[in-house]
Each structure stands twice: as structure tokens, then as C-alpha cells.
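Undergrad: What shape does this take:
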Amino acid sequence: MKTGVGRRRFIATAAATGVLVAGTARGEDAPSAATPTPDVIWRLTSSFPKSLDLMFGGAETFARVVGDLTGGRFRIDVLAPGDAVSGLQALDAVQAGTVEACHTSMDYFYGKDPTFALATAIPFGLNARGQAAYAYEGGGNDLFNEFLGGYGVLAFPAGNTGAQMGGFFRKPVKSVADLQGLKIRIGGLAGKVLQQLGAIPQATPRADLYTALDQGTIDAATWVSPYDDDRLASDEKTALQKVAPNYYYPGWWRGGSVIHVAFNKAKYEALPAPFRAALKAAAMTANTEMLARYDARNPAALKRLVVSGAQLRAFPQDVLEAAFKTTNDVLHDIADGNPHFKAVLDSTVNFRSEEYLWWQVGEYTFDNFMIRQRAKG
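TA: Numbering: from 1, shown residues only. You can find the predicted model right below:
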């Protein structure tokens, strides 16, 4: 008898559940239990304007996945720069607890400590896949979080642009000598390297790039990759390639550019374990998705840039060789006076050496063969 009653209850419950699911699928209102009030609501400020839709979209992906994984019990509201704080104040706001999280490029905080820049990219460092391997399997993210602990923050990779371009130049760069006196919009570690090579780094705002290039206030400008570079102009007349047609590659300062989601450490640690797990999983999803989006959109954007006047040029070998040597000098000079920087740098360089052993054998030879086949048509 008890078994029969239990069976009938199970069937009745299953039937009711089936009606609920079917009704919801048809767009009918479900009971309020299906959309619970969030247990936790966080604010996340982005360092990227909405016009950088793939970068800003990484934060939106992250927030959406956290909500999905927690059944709506953990909601993260994404704020654009200026909604709470400016993009360059994002990490400070997380430290202070003004917001619980931010989505940012850690090299924006180079002025606090050059170690921040190493988390984003090292000139002549790893490519995007190598960065992921180092962060997840090479101890890189754990080491960076040891450093961030001093700021009351922890972070996970949550996006990558992939390899970046070398930027738009008014005149061709034929040798290292052409870098002397070159006024170029760039900053961070790459700016330090180019400065040592005779260039003059400039902090030109994005909105002023076309005018600055047109009037000769600057001689060159770096931005991101073809997709974002193509979207810099407000119209065809203000395209950077109209006034600086020499479009250089590779952006040796960023073989990959990691975007991080950072949390106030105390607030992160106060979360239930399932919510912390959701944050990690959502960050990894955003990391993978952003790179895929850039890889999918860059080919068409590159074609558009060339059709509209950009002249693709590779940096000369002597420029790359000089930049590589100077990069090593600059990095070691910083490391000599900064233990945190030295620890992360040594770890990354050691991983890079082993990683490129494999790429030389497997990935590079395969990719190089396929590139030659494409050229044959």
C-alpha cells in the first residue's frame, strides 16, 4: 500500500512538473519559484567602453554565465566606465569595496607596480594559447594572485584578444634608425622598450588619434587588432589608414593580451563554495569566448582595412631583433629592483621556453604548411 501511494504521488508530481515546464517553454508565466530572488547581487565595473564590444561583451558573458550556473541566485550587474568609476579606477574601486568586481586589463595599473603588466602580456611573450596554458596549468594565475593578495584582490583570466597588430604609421619603418624621434601612441612595457630604441611614447586618447596623426602631432598609433582597429573611425573620412596608411605587424608587445576579472578578495572568500565555483567557470567561459570572437572576426576586418587603404607591412627583421634585445634589458632592469616582478617574469620566461619547444615541432610546422597551401589557392 505504501509503495502504491508513493508511486501515485511521484506520477502526480512528475505530471505537474511537466505542465510547468511545458507552460514555461510556451512563454506562459511560471510560478515565482522558477525565478528566485537573487541571494547575492554584485556590481562589476568594466574598463572597456561599449564601443569595444568584444571586450565589454566579455563582462556580459561572465555575468550571464554566473547567473545561469546559480539558477539566478547570484546576479552580477555589469557597469560601463563612468557608471560608477572610470575605467582606469576599476581596480581601486574593487580594493575599496565600492564595487565587488571589475573586468579589466591589468597593465592599466602599471603605474602601481610593473608586475601588473606581466599578467596582461610580456613583449615577445606567449601567444594566447600559451598564456592560457601558463595561467591554468603552469601556475601563472596562482603566482599572480599571490602578488594581488597584497592589494586585497584576486583575479582570473576572462578574455583574450589574441595577437595584436603593430599599429598605423605615417611613414614606413625601414630600419631601427627610423624609430629615432618617432612619436608613437603606446604605453606600458612596450613604451619603455621603444623609448630605449629612440621613440617617444605618447598617451593620446582614442578620440584624438585621427586628428593627431593627420596633423603630425604623433607619427604612429597602436590600438588592438584588425576588428577593433577597423572600428576606430566614425566614418570613412576619419579612418586612420587615410592619414597613416602603413599598417604594421606583428604587435610584438602582445602576442596575446589577457583580460582579467578581479574580485575584492574578502568578498570573494565570503561567498558559498558553489558561488565561487561559478565565478571560476564563468571566467573560463568568457576567456574562451572572447578569443574565439576575435579569431572569427579579424580576417574580414583585415580585408576591409586593406580595401580602404591600409598597406600591410611587416616590421623589418633588424627592428624585431633590436626590440627583442632591448626588451630583455628593460625587463631585467625592472626585475633587479622588484622581487614580485622578478618572480613572475622568471616563471613566465621558463614556461615560454618549454612551450615554444612544442610549438616548433607541432603547431608551427602544421600552421606554416597550411599557410603555404592557402597561398597556392
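
Undergrad: Enumerate the helices of the stretch 1-150 of the chain by residue range, in sequence order.
TA: 2-25, 53-69, 90-96, 115-120, 128-137, 140-148 (DSSP state H, counting those that start in this stretch).

Undergrad: likewise the stretch 201-350 of the chain?
TA: 209-215, 226-230, 240-243, 265-269, 273-307, 317-336, 339-361.

Undergrad: I'd like the ones you listed laid out as TSV, including mean neighbour count and mean pLDDT.
TA: Where you see a C-beta, it was placed from the backbone N, CA and C, and this is true even at glycine. Shown next, in TSV, are the helices of the stretch 201-350 of the chain (neighbours: other Cβ atoms under 10 Å; pLDDT from 0 to 100):
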stretch	mean neighbour count	mean pLDDT
helix 209-215	18	96
helix 226-230	24	97
helix 240-243	21	97
helix 265-269	15	98
helix 273-307	18	98
helix 317-336	16	98
helix 339-361	16	96
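
Undergrad: Those into a markdown table, with extra columns for distance to Arg254?
TA: Listed next are these as a markdown table, based on distance: least, Cβ to Cβ, whole Å:
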| stretch | distance to Arg254 |
| --- | --- |
| helix 209-215 | 18 |
| helix 226-230 | 12 |
| helix 240-243 | 18 |
| helix 265-269 | 27 |
| helix 273-307 | 12 |
| helix 317-336 | 12 |
| helix 339-361 | 14 |
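
Undergrad: what about the protein, any weak spots by pLDDT?
TA: 1-36 (pLDDT under 70).

Undergrad: hmm, 90 instead?
TA: Residue ranges of the chain with pLDDT under 90: 1-38, 233-237, 375-377.

Undergrad: Identify the residue nearest the residue nearest to the spatial centre of it in space, chain neighbours excluded?
TA: The centre of the chain sits closest to Ile259, judged by Cα atoms, centre = their mean, with a distance of 2.9 Å. Closest residue to Ile259 apart from its sequence neighbours, by Cβ to Cβ, 6 or more residues apart in numbering: Gly159 at 3.3 Å.

Undergrad: now swap in Leu52 and tell me
TA: Per Cβ to Cβ, 6+ apart, closest to Leu52 is Asp228, 6.2 Å.

Undergrad: The one you found and Gln311: what is the separation?
TA: 19 Å (Cβ to Cβ, to the nearest Å).

Undergrad: looking at it, Val85 is touching Thr104, isn't it?
TA: No: using Cβ atoms under 8 Å as the test, Val85 is too far from Thr104 to be in contact (11.0 Å).

Undergrad: got the contact list for the residue nearest to the centre of the chain?
TA: Neighbouring residues of Ile259 by Cβ atoms under 8 Å, 6 or more residues apart in numbering: 55, 58, 103-105, 120, 157-161, 287, 290.

Undergrad: can you put those in TSV and add distance to Ala135?
TA: TSV is the format used below for the contacts of Ile259 (distance: Cβ to Cβ, whole Å):
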residue	distance to Ala135
Met55	18
Gly58	15
His103	16
Thr104	16
Ser105	15
Thr120	12
Pro157	5
Ala158	11
Gly159	12
Asn160	10
Thr161	15
Asn287	9
Met290	14
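
Undergrad: What is the nearest of those to Phe315?
TA: Thr161 (18.8 Å; Cβ to Cβ).

Undergrad: Tell me how many other residues crowd the closest residue to the closest one other than its chain neighbours.
TA: Leaving out its chain neighbours, the residue that sits closest to Thr161 by Cβ to Cβ, 6+ apart is Ser257, at 4.4 Å. By the measure other Cβ atoms under 10 Å, the count of residues near Ser257 is 24.

Undergrad: And Gly58, by the same measure?
TA: Gly58 has 29 nearby residues by other Cβ under 10 Å.

Undergrad: excluding its backbone neighbours, what's nearest it?
TA: Gly58 sits nearest to Gly159 (Cβ to Cβ, 6+ apart), 3.9 Å away.

Undergrad: residues touching that neighbour, list them.
TA: 55, 58, 103, 258-260, 286-287, 290-291.

Undergrad: Pipe those into a markdown table and attach distance to Ala177 per row.
TA: Shown next, in a markdown table, are these (distance: Cβ to Cβ, whole Å):
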| residue | distance to Ala177 |
| --- | --- |
| Met55 | 36 |
| Gly58 | 40 |
| His103 | 41 |
| Val258 | 33 |
| Ile259 | 36 |
| His260 | 38 |
| Ala286 | 43 |
| Asn287 | 40 |
| Met290 | 38 |
| Leu291 | 36 |
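
Undergrad: circling back to that earlier point, so the residue nearest to Gly58: helix, strand or coil?
TA: What DSSP: H, G, I helix; E, B strand; the rest coil gives for Gly159 is strand.

Undergrad: just use 534 as the starting number from now, easier for me
TA: Got it, first residue is 534 now, which makes that one Gly692.

Undergrad: measure it to Ile574 for me?
TA: 23 Å.

Undergrad: Neighbours of Leu722, how many?
TA: When neighbours are counted by other Cβ under 10 Å, Leu722 registers 24.

Undergrad: Contacts for the helix or strand where it lies next, please.
TA: Element membership of Leu722 [criterion: DSSP states H and E] is helix 721-729. Outside helix 721-729, the residues that touch it by Cβ under 8 Å, 6+ apart are 640, 643, 647, 650, 655-656, 712, 715, 717, 719, 734, 755, 786-787, 856, 859-860, 862-864.

Undergrad: my guess is Tyr827 meets Leu585, correct?
TA: No: with contact defined as Cβ under 8 Å, Tyr827 and Leu585 do not form a contacting pair (11.2 Å).

Undergrad: Now for the residue nearest to Leu585: which residues touch it?
TA: 585, 587, 694.

Undergrad: got these as CSV, with distance to Ala661 and neighbour count columns?
TA: As requested, the contacts of Asp761 are arranged in CSV below (distance: Cβ to Cβ, whole Å; neighbours: other Cβ atoms under 10 Å):
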residue, distance to Ala661, neighbour count
Leu585, 17, 19
Leu587, 13, 23
Thr694, 8, 29
